[in-house]
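Chemist: what shape does this take:
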Amino acid sequence: MPLEIADREYEVLRHLEALELPAVTPVGIAAAPERGTAILVTEYLAHSLQYRRLLMRFPLGPGPDRDRLLDALAWLLVDLHRSGVFWGDCSLANTLFRRDGDRIQAFLVDAETSEVHPSLSDGQRAYDLEVLVENIAFGLADLAALQGRPDAFDEAIAAAESARRRYEAVWAELHDEPELRAGDRFAVNSRIRRLNELGFAVDEIELVPGSAPGRIRLRAAVTTRRFHSHRLAQLTGLVALEGQARLLLNDLREYQAWLEADEGITLRREEGARRWLNEVLRPRLGQLAPAIGPQRDPLQAYCDVLETKWLLSEQAGRDVGLDAAVEHYLAQGAPAPEAVEPAPEAVEPAPEAVEPAPEATEPGAPPPDRGR
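Modeler: From the prediction side, this is the model:
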């Protein structure tokens, strides 16, 4: 790309990295000043998927997986706008996705048109959102065409419009300033817990006079969306995405509560975390390792087991236990949309039939088409 654009994109990605926002991590620029061009290098985003590969694994149309993907895009745009980042070219194609517990996390990949400002105006946000809606519609319609479903074009437009509603709902939640009764500490705590549930840590609470005597207005300053992942790291040292961390913390708390009831003791949170790591998580990760291999995210695989446990328990009307969930998950082949299908069994070719090695492909991509 032109050197000037590469320099600008690199600085935007550095800014996003410093703020711990979901984007690819810049490594550097290989510049050719005499030609005025450059190559921008970023780290490979492990365990990530392009939207086509993710959605091609599921039936086209409405469903929880498409909803999670649209939620992820809306959340990503909210994260950027809150930090004064104007994307300029929001689209499915400029985003990579990772499964994040029972959700999906979106990561900005292409910041070529992005700009960093102290804050964004309503007009800048509205323009970015309009571009996102339009590009989602094109992306989903293109996917429908690939699958031979021209009847799904109108549905693609409706789905794209839902991304606008998702964005506006999250933005309104974060910027809500509810009026409360003076001294209503429960309402203040409820507001903080609601923001924590969305993944945001509350940095500062400000109480200002309300519209009537005895009323106050609550303003909350929130940080980046990593409340649960920071908490998990403090307790266990594990590095996880936000949705994964939320599920893992719930599992940790459930196990600690069971230990205290079963053994008649009270555990400090740090001791409960240590026992959960050693007695629950690490043994199960050891069981999963041969099935998922080195290319899969082990924490996401464990989150898949927790989802399996919940589904099996719902069907049985009782808690089936973690061991049964692991056995069922492994019996199903440890399914995951990011799992690469196993290659067909190799056959030793005859000497005269040996072909040159195939061209290199991106990890996880299908091999080159040789017309066979």
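Chemist: and the contacts of stretch 234-250?
Modeler: 98, 100-103, 105, 199, 225-229, 231-233, 252, 269-270, 273, 276-277, 281, 299-300, 302-303, 306 (C-beta atoms under 8 Å, 6 or more residues apart in numbering). Backbone N, C-alpha and C define where each C-beta goes, glycine included.
Chemist: can I get it in PDB? Just the C-alpha atoms.
Modeler: Below are the C-alpha coordinates for stretch 234-250, written out as PDB (Å, rounded to 0.1, in the frame of the first residue of the first chain):
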ATOM      1  CA  GLN A 234      -6.000 -12.000  38.900                       C
ATOM      2  CA  LEU A 235      -7.300 -15.200  40.400                       C
ATOM      3  CA  THR A 236      -5.700 -17.900  38.200                       C
ATOM      4  CA  GLY A 237      -3.200 -16.300  35.800                       C
ATOM      5  CA  LEU A 238      -5.300 -17.500  32.900                       C
ATOM      6  CA  VAL A 239      -5.500 -15.300  29.800                       C
ATOM      7  CA  ALA A 240      -9.000 -15.600  28.300                       C
ATOM      8  CA  LEU A 241     -11.400 -13.600  26.200                       C
ATOM      9  CA  GLU A 242     -14.200 -11.800  28.000                       C
ATOM     10  CA  GLY A 243     -17.000 -14.300  27.300                       C
ATOM     11  CA  GLN A 244     -14.700 -17.300  28.100                       C
ATOM     12  CA  ALA A 245     -13.700 -15.700  31.400                       C
ATOM     13  CA  ARG A 246     -17.300 -15.100  32.400                       C
ATOM     14  CA  LEU A 247     -18.100 -18.800  31.900                       C
ATOM     15  CA  LEU A 248     -14.900 -19.900  33.600                       C
ATOM     16  CA  LEU A 249     -15.500 -17.700  36.600                       C
ATOM     17  CA  ASN A 250     -19.000 -19.100  37.000                       C
END
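Chemist: name the SS class of the most centrally placed residue in the chain, please.
Modeler: Taking C-alpha atoms, centre = their mean, the centroid of the chain lies closest to residue 105, which sits 1.2 Å from it. Under the three-state scheme (DSSP: H, G, I helix; E, B strand; the rest coil), residue 105 adopts strand.
Chemist: and if you look at residue 205?
Modeler: strand.
Chemist: and for the closest residue to it other than its chain neighbours, the neighbour number?
Modeler: Counting by C-beta to C-beta, 6 or more residues apart in numbering, residue 205 lies nearest to residue 220, which is 5.7 Å off, once chain neighbours are set aside. Neighbour count for residue 220, taken as other C-beta atoms under 10 Å: 20.
Chemist: quick one: residue 220 is in a strand?
Modeler: Yes - looking at residue 220 with three-state DSSP, it is inside a strand.
Chemist: how much space separates it from residue 193?
Modeler: 11 Å (C-beta to C-beta, to the nearest Å).
Chemist: do the same with residue 265
Modeler: Distance from residue 265 to residue 193, by C-beta to C-beta: 27 Å.
Chemist: do residue 263 as well
Modeler: For residue 263, the distance to residue 193 (C-beta to C-beta) stands at 29 Å.
Chemist: and if you look at residue 101?
Modeler: 19 Å.
Chemist: OK, contacts around the residue nearest to residue 205?
Modeler: Residue 220 touches 191-192, 195, 202, 204-206, counting by C-beta under 8 Å, 6+ apart.
Chemist: how does it look with 10 Å?
Modeler: Counting by C-beta atoms under 10 Å, 6 or more residues apart in numbering, residue 220 touches 174-178, 188, 191-192, 194-195, 200, 202-206.
Chemist: now the buried members of those residues.
Modeler: Buried members of the contacts of residue 220, scored by 16 or more other C-beta atoms under 10 Å, are 188, 191-192, 195, 200.
Chemist: in stretch 40-54, what counts as buried?
Modeler: Neighbour-count burial for stretch 40-54 [16+ other C-beta under 10 Å]: 40, 42, 45, 47-51, 54.
Chemist: let's have these in a markdown table, adding pLDDT.
Modeler: A markdown table is the format used below for the buried residues of stretch 40-54 (pLDDT from 0 to 100):
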| residue | pLDDT |
| --- | --- |
| 40 | 96 |
| 42 | 96 |
| 45 | 94 |
| 47 | 92 |
| 48 | 92 |
| 49 | 90 |
| 50 | 91 |
| 51 | 89 |
| 54 | 83 |
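Chemist: TSV for those residues, including secondary structure and distance to residue 147?
Modeler: Below are these laid out as TSV (DSSP: H, G, I helix; E, B strand; the rest coil; distance: C-beta to C-beta, whole Å):
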residue	secondary structure	distance to residue 147
40	strand	33
42	strand	30
45	coil	26
47	coil	25
48	coil	22
49	strand	17
50	coil	15
51	helix	13
54	helix	14
